[in-house]
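S.K.: when you get a sec, could you give me coordinates for this:
(chains A and B)
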Amino acid sequence: MINDILWPVAILGGLAIFFGIVLAYASKKFAVETDPKIDEVRAVLPGANCGACGYPGCDGLAEAIASGKASVNACPVGGVDVANKVAEIMGVTAEETERMVARVICGGDCDNAKEKYEYQGIEDCKAAEILAGGSKSCRFGCTGLGTCERLCPFDAIHVVNGVAVVDEEKCTACKICIEACPKQIIELVPVSKMVRVLCKNTDKGKAVVEVCKVGCIGCQKCVKACQFDAMTFENNLAKIDYSKCTNCMVCAEVCPTKTIYADFSRRKKAYIDQELCIGCTICKKQCKFDAIEGELKQKHKVLEDKCTGCGQCAIKCPKKCIEMR
Amino acid sequence: MKLVIILLSAIFVNNFVLSRFLGICPFLGVSKKVETAVGMGLAVTFVMALASVMTWIVQILVLDVLGIAYLQTIAFILVIAGLVQFVEMVIKKTSPTLYQALGVYLPLITTNCAVLGVAILNIDEGYNLVETLINGIGGALGFTLAIVLFAGIRERLETAPYPKALEGFPIALITASLMSIAFLGFSGLL
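M.R.: Residues are numbered from 1 along each chain as shown, chains lettered A, B, ... in the order given. As a prediction, this is how the structure comes out:
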């Protein structure tokens, strides 16, 4: 009786131990030298093996990142956290890994842009594009039929009042909408840059006014207003150089057609920690908007209604006592 | 002569996928491209031949001797899993090119029912060691044949017009069943 139980247990256990020992030996004997970074990167990836990055599972991506074929923020699921950890392992600074989001460069919604004709074809931007470039008078603008909305795997883009709008929380910068848009008006931009020129119309000002209330008319007020040389003007369009933009939003304030959009509720203000400030006047000299007052050796003060939140004072402060919030 | 009959029977008449319905999972899963189907087929051939021999040895020398043949299934799974792991390590070390071709498929077939099936069928049929090896290779070649043909058809289906409701797995299953009926024609071969 007891043998009927003991033998099978012994045999199966014996087989298992035998294979275990053989495999343990083999894993040492046949060990292949791999880049230790692959294992480290693999450890911080989410491990869902979803394949959204385009590689066969997290192992494949880890290998690609370690060998430099994929960028450190290639995992769309992990987002910024994972990208930062991977960047740390790979020894790149986190600045290069800033999360990108898609943005639809058009403000011509149903209220702003005039219709050219009534489109009754199939609900697809590409189909509408064939019919004289869509129903909107502006041949550059969003057709608003939502091909991008249907293709987005993350539910991050929606047509609101005739124009596609990206939900930046959900967007993973997978570029599917960018490739699908027949008007090519979706672009990837750094998520922290809150100012955007919402127009792609390269026509002259008069022609733009005729088709859309919020089109760029080429007045170049923004170019003059920008204190950081971030605004350029080419092809009858204002264009922001995001590597120079400081989110001061001055361009959005001066734009007469409100083509330049900025979310003023997210505008930051500088605050000087009075205990740490040594009165060096560096911030005062730095400020392009005369928003900081105070004499040498005295505590400085920020004039809130003049501060645009560009953050230049905080970068230059030697005592790091200026906080942007 | 018997060996030839066993080989042909395993490839055509008793094709593992299309008449025994074993190994359906990789058959449907890894058959979107001919290239990957060939890779999978090669990996299965490799593992099936090895596993047939190893399980036969374990059955005859261990399980039968001790009279615990009822532990066949679990013991075979153990043997096959250990074997595949071992083989994977050896290939990774000795031949990186072969590992590139087979590597990703090897773990997939660790506990594949076609591999376990061939091992158990060998014992049930009372084959000797050589017959076991031939049956293993034949079964795997049959699997390769089926999956490569199937992948070829699926590649063409990509561009073929068929009702949208059948897109994806439905049309794949219909194709597989038609192939299965076609393979019934081989039943008069032997």
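S.K.: going forward, measure contacts between C-alpha atoms and count neighbours the same way
M.R.: Noted.
S.K.: element containing the residue in chain B that chain A sits nearest to, please.
M.R.: Per CA to the nearest CA, residue B:93 is where chain B lies closest to chain A, at 5.5 Å. Element membership of residue B:93, judged by DSSP states H and E, is helix B:72-94.
S.K.: which other helices and strands contact that helix?
M.R.: helix A:2-29, helix B:34-58, helix B:96-102, helix B:113-125 (3 or more CA pairs under 8 Å, 6 or more residues apart in numbering or on different chains; DSSP states H and E).
S.K.: list the contacts for the residue in the stretch 1-150 of chain A that chain B sits nearest to?
M.R.: When distances are taken as CA to the nearest CA, the stretch 1-150 of chain A reaches nearest to chain B at residue A:30, 5.5 Å away. By CA atoms under 8 Å, 6 or more residues apart in numbering or on different chains, the contact set of residue A:30 is B:89-90, B:92-93.
S.K.: distance to residue B:20, mean neighbour count and mean pLDDT added to the helices and strands packed on helix B:72-94, as TSV?
M.R.: As requested, the helices and strands packed on helix B:72-94 are exported to TSV (distance: least, CA to CA, whole Å; neighbours: other CA atoms under 10 Å in any protein chain shown; pLDDT from 0 to 100):
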stretch	distance to residue B:20	mean neighbour count	mean pLDDT
helix A:2-29	29	13	87
helix B:34-58	16	22	87
helix B:96-102	25	16	72
helix B:113-125	9	20	90
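S.K.: would you list these in CSV and tack on distance to residue A:259?
M.R.: Output for the helices and strands packed on helix B:72-94, formatted as CSV (distance: least, CA to CA, whole Å):
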stretch, distance to residue A:259
helix A:2-29, 63
helix B:34-58, 51
helix B:96-102, 53
helix B:113-125, 63
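S.K.: ok, which of the ones you listed comes nearest residue A:92?
M.R.: Closest to residue A:92 of the helices and strands packed on helix B:72-94, according to CA to CA: helix B:96-102, at 29.7 Å.
S.K.: scan the contacts of residue A:30 and report the most crowded one.
M.R.: Within those, neighbour counts (other CA atoms under 10 Å in any protein chain shown) peak at residue B:89, which reaches 21 neighbours.
S.K.: which one is that one nearest to, not counting chain neighbours?
M.R.: residue A:30 (6.2 Å; CA to CA, 6 or more residues apart in numbering or on different chains).
S.K.: kindly state the pLDDT recorded for the one you found?
M.R.: pLDDT for residue A:30: 81.
S.K.: other residues contacting the lowest-mean-pLDDT helix or strand in chain A?
M.R.: Lowest by mean pLDDT, DSSP states H and E among the helices and strands of chain A is helix A:79-90, with a mean of 80. Identification of contacts with helix A:79-90 by CA under 8 Å, 6+ apart yields A:37, A:40-41, A:44-46, A:66, A:72-75, A:93-94, A:97-99, A:172.
S.K.: for that helix, buried residues please.
M.R.: A:79-80, A:82-87, A:89-90 (16 or more other CA atoms under 10 Å in any protein chain shown).
S.K.: could you list the low-pLDDT ranges of chain A?
M.R.: A:50-52, A:93-97 (pLDDT under 70).
S.K.: the residue of the stretch 1-150 of chain A closest to chain B and residue A:59, how far apart?
M.R.: 20 Å (CA to CA, to the nearest Å).
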